[in-house]
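S.K.: dropping the sequence and predicted coords here.
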Amino acid sequence: MSDHAETVVRNYYDALRSDDPLAPYFLAAESTVKFGISESLFGGREVATALKEQTATTDDWTIESRNLVVEERDGFATVADEVAMAWTDTESGERYRFDSRWSATLVEHLDDASNWRFATMHVSAPHEL
């Protein structure tokens, strides 16, 4: 990991592209929350389980950050980004692509050499009204 929140976010994007484990980027706490395009996950254990399944059932990720904004403060950081993302479902062979919006809060995990972990993450795909 890193001692800068922005680096952790960029490393998370790289981990998605490389099919690397994603759970280490999240707090293993009951208060951890991750909202995806089609899911709501509550608690570090549920997030870790879903991310492990995601890694096992998807491939060929592309992540294109378009507007990453990270603000570090005392012990936490806020994140916002617009991301073009795509992946292949390994079971169906179907390719998915979304223009998405990401927001997150990271907290500094001082027990682990000042690394940052996601406490919350929200990924959504905008729809025209």
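M.R.: Cool, got the structure. Numbering: from 1, shown residues only.

S.K.: beta-bridge partners for Ala84, please?
M.R.: In this entry, Ala84 is beta-bridged to Glu64, Asp99, by DSSP bridges.

S.K.: do Thr58 as well
M.R.: As for beta bridges, Thr58 partners with Asp89 under DSSP bridges.

S.K.: my read: it touches Asp89, true?
M.R.: Yes - assessed by Cβ atoms under 8 Å, Thr58 is found in contact with Asp89 at 6.2 Å. (Glycine included, C-beta is placed from N, CA and C.)

S.K.: mind checking how far Lys52 is from Asp19?
M.R.: 11 Å (Cβ to Cβ, to the nearest Å).

S.K.: correction: Ser40
M.R.: 24 Å.

S.K.: quick one, which of the two is more surrounded?
M.R.: Asp19 (14 against 10; other Cβ atoms under 10 Å).

S.K.: wait, the more buried one touches Gln54, no?
M.R.: No - taking Cβ under 8 Å as the definition, Asp19 is not a contact partner of Gln54, at 9.8 Å.

S.K.: neighbours around His4, how many?
M.R.: Neighbour number of His4 under other Cβ under 10 Å is 15.

S.K.: quick one, phi psi at it?
M.R.: With angles defined as degrees, to the nearest 10, His4 sits at phi -130, psi 130.

S.K.: check what pLDDT it gets.
M.R.: Per-residue confidence (pLDDT) for His4: 89.

S.K.: OK, contacts around it?
M.R.: 72, 116 (Cβ atoms under 8 Å, 6 or more residues apart in numbering).

S.K.: ok, so what distance separates it from Trp102?
M.R.: With distances taken as Cβ to Cβ, His4 is found 18 Å from Trp102.

S.K.: repeat that for Thr88.
M.R.: 20 Å.

S.K.: of the two, give the one with the bigger neighbour count.
M.R.: Trp102 (21 against 15).

S.K.: just checking, Tyr13 touches Val79?
M.R.: No - under the criterion of Cβ under 8 Å, Tyr13 makes no contact with Val79, lying 11.2 Å away.
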